[in-house]
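1. with the input below, show me the fold.
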Amino acid sequence: MASSANVIQVDTERIDLKNRSLAAFLAWLVPGAGHFYQGRHTKGSLYLVCILTTWMLGFALGGGHVVYASWQPGDRRWHYILQAGVGAAALPALIQGNRMRKMTDKGVTSRSYEPLWGGFMAPPHRPVIEDRTDEVSAWYATYGAGYEMGTWYTMIAGLLNILVIYDAYAGPLAVPISGRKKKDDEDGDCERQPDSEQPDAGGSASVIPQESSAPTTEAKA
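-> Residues are numbered from 1 along each chain as shown. Predicted coordinates for the structure are as follows:
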């Protein structure tokens, strides 16, 4: 039986959010998965297609190098915080980043280091120095504006999925949005009395006299 704390009503529809925390986790892990779990398949399909398409487009524009996790001096990849919003799609970058961290000493990557999966989401070799030629500058030179655009696309995809996670946890806005009046309002309109009749202190309706606009004439004797 559904818990009343997890059931909300929007317009005339009752929505069971089920286990909110689990739905939010699934929504982070795979965009739209939390909504599928709640039985909200239309929204789940929309989020899955739109967010992952945006993510993959950005990833392709940057040649597969725009998503990586790095906290080394000179290459603090703050972009990854938002990119990680898409969940499982960004997790390989954490594995690659941790592997390189173990193979990096005093800011220099060991020559014996080999990234996993052919370098998929692997950070650039160290050191990364802004005013010198390095692996990052080679990526910029190869992909040009596509590298910047790809970075932004993947960040936007992650940011959008944060909103999806919130929707899976809290549900849609729980206010009427169709323009239909509530039943109570309709009943109240039926019981409303005309403006010309106002109840007096005794509970009876009194009629407010209307002033005649026609001029009065004195009765002849």
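2. figure out the helix or strand that the most centrally placed residue in the chain lives in.
-> Taking Cα atoms, centre = their mean, the centroid of the chain lies closest to residue 163, which sits 1.5 Å from it. Taking DSSP states H and E as the criterion, residue 163 maps to helix 145-170.
3. what residues of that helix count as buried?
-> By neighbour count on 16 or more other Cβ atoms under 10 Å, the buried set for helix 145-170 is 146-147, 149-151, 153-158, 160-161, 164-165, 167-169. Glycine gets a C-beta too; all of them are placed from N, C-alpha and C.
4. same thing with stretch 46-62?
-> Per 16+ other Cβ under 10 Å, stretch 46-62 contains these buried residues: 47, 48, 50, 51, 52, 54, 55, 58, 59, 61, 62.
5. so what's the third one scoring on pLDDT?
-> At residue 50, the model reports a pLDDT of 97.
6. show me the residues around it that make contact.
-> Each residue near residue 50 by Cβ atoms under 8 Å, 6 or more residues apart in numbering is listed here: residue 160.
7. quickly find the element holding it.
-> Assessed by DSSP H and E, residue 50 sits inside helix 41-61.
8. could you spell out the sheet neighbours of the helix or strand following that helix, each with its direction?
-> For helix 41-61, the following helix or strand on the C-terminal side (DSSP H and E) is strand 71-72. Sheet partners assigned to strand 71-72 using DSSP bridges are listed as strand 75-76 (antiparallel).
9. show me where the protein has its strands.
-> With strands called from DSSP state E, the chain shows them at 7-10, 13-16, 71-72, 75-76, 104-105, 108-109, 197-199, 205-207.
10. a markdown table please, covering the ones you listed and showing mean pLDDT and distance to residue 32.
-> Shown next, in a markdown table, are the strands of the chain (pLDDT from 0 to 100; distance: least, Cβ to Cβ, whole Å):
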| stretch | mean pLDDT | distance to residue 32 |
| --- | --- | --- |
| strand 7-10 | 82 | 19 |
| strand 13-16 | 84 | 16 |
| strand 71-72 | 83 | 30 |
| strand 75-76 | 85 | 31 |
| strand 104-105 | 88 | 37 |
| strand 108-109 | 88 | 37 |
| strand 197-199 | 49 | 56 |
| strand 205-207 | 41 | 59 |
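11. picking up where we left off before, put the alpha carbons of the helix holding residue 50 into CSV.
-> The C-alpha trace of helix 41-61 is given here as CSV (Å, rounded to 0.1, in the frame of the first residue of the first chain):
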residue,chain,number,x,y,z
HIS,A,41,7.1,6.7,-18.4
THR,A,42,6.5,9.7,-20.6
LYS,A,43,8.6,12.0,-18.6
GLY,A,44,11.2,9.4,-18.1
SER,A,45,11.6,8.8,-21.9
LEU,A,46,11.8,12.5,-22.6
TYR,A,47,14.5,13.1,-20.0
LEU,A,48,16.5,10.0,-21.1
VAL,A,49,16.5,11.0,-24.8
CYS,A,50,17.1,14.7,-24.3
ILE,A,51,19.8,14.7,-21.6
LEU,A,52,21.8,11.8,-23.0
THR,A,53,21.6,13.2,-26.5
THR,A,54,23.0,16.5,-25.3
TRP,A,55,25.7,14.7,-23.4
MET,A,56,26.8,12.6,-26.3
LEU,A,57,26.8,15.5,-28.7
GLY,A,58,29.0,17.5,-26.4
PHE,A,59,31.3,14.5,-25.9
ALA,A,60,31.7,14.0,-29.6
LEU,A,61,32.3,17.7,-30.3
